[in-house]
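J.: test case, fold it:
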Amino acid sequence: MAHRIDGRKLGRKHGARMALFKNLTVSVLRYEKVRTTEAKAKEVRGQVERVITLAKRGDLTARRTVLSEFPNEPLVINKLFDEIAPKYADRTSGFTRIVRIGQRPGDAAEIVQLELV
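T.: You can find the predicted model right below:
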């Protein structure tokens with residue numbers, strides 16, 4: 001997970017924000033879709049795309065790089081390399097889609113579904 005200078009802060013300090021992005025990325029890979037706010041989805045989309053692009057290489061170095069980012073998620077990494085990456089072999093980018101769902105009742109935040117295409 002690269003340190004980001006630009007991007008949204010989402011009202012969190014650096015460590016909590018990076019943990020949020022990592023957890024959302026793992027959730028998207030595990031469940032292939034996740035409901036979250038629009039701002040969070042737009043931030044996480046790039047990380048999901050980057051991990052899938054890395055997995056498409058399929059070599060040991062790529063697997064170790066992904067494993068170093070998500071050390072406690074071996075099942076998700078296996079799914080990424082064995083199921084998700086081959087599905088996008090003919091695609092260069094655009095692995096995710098953001099679909100608007102509506103507004104959250106409590107604070108009227110825009111809720112979207114981030115899903116793999």
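
J.: would you map the strands across this protein?
T.: With DSSP state E, the ranges of strands along the chain come out as 33-37, 96-103, 110-116.

J.: doesn't Phe95 make contact with Val117?
T.: Yes - checked against Cβ atoms under 8 Å, the pair Val117 and Phe95 is within contact range at 5.9 Å. In short, each C-beta sits where N, CA and C put it, glycine included.

J.: which one of these two is surrounded by more residues?
T.: The neighbour comparison of Val117 against Phe95 (other Cβ atoms under 10 Å) goes to Phe95, with 22 against 10.

J.: how close does that one get to Asp107?
T.: Taking Cβ to Cβ, to the nearest Å as the measure, Phe95 and Asp107 are separated by 30 Å.

J.: one more: Arg64?
T.: With distances defined as Cβ to Cβ, the gap from Arg64 to Asp107 amounts to 41 Å.

J.: ok, Ala55 next?
T.: Spatial separation of Ala55 from Asp107 under the definition Cβ to Cβ is 35 Å.

J.: neighbour count: those two, which is higher?
T.: Summary of the neighbour comparison: Ala55 and Asp107, criterion other Cβ under 10 Å, with Ala55 having more neighbours (22 against 7).

J.: tell me how many other residues crowd the closest residue to that one other than its chain neighbours.
T.: Take Ala55 and drop its neighbours on the chain: the residue closest to it by Cβ to Cβ, 6 or more residues apart in numbering is Ala85, 3.9 Å away. Here the number of neighbours of Ala85 (other Cβ under 10 Å) works out to 20.
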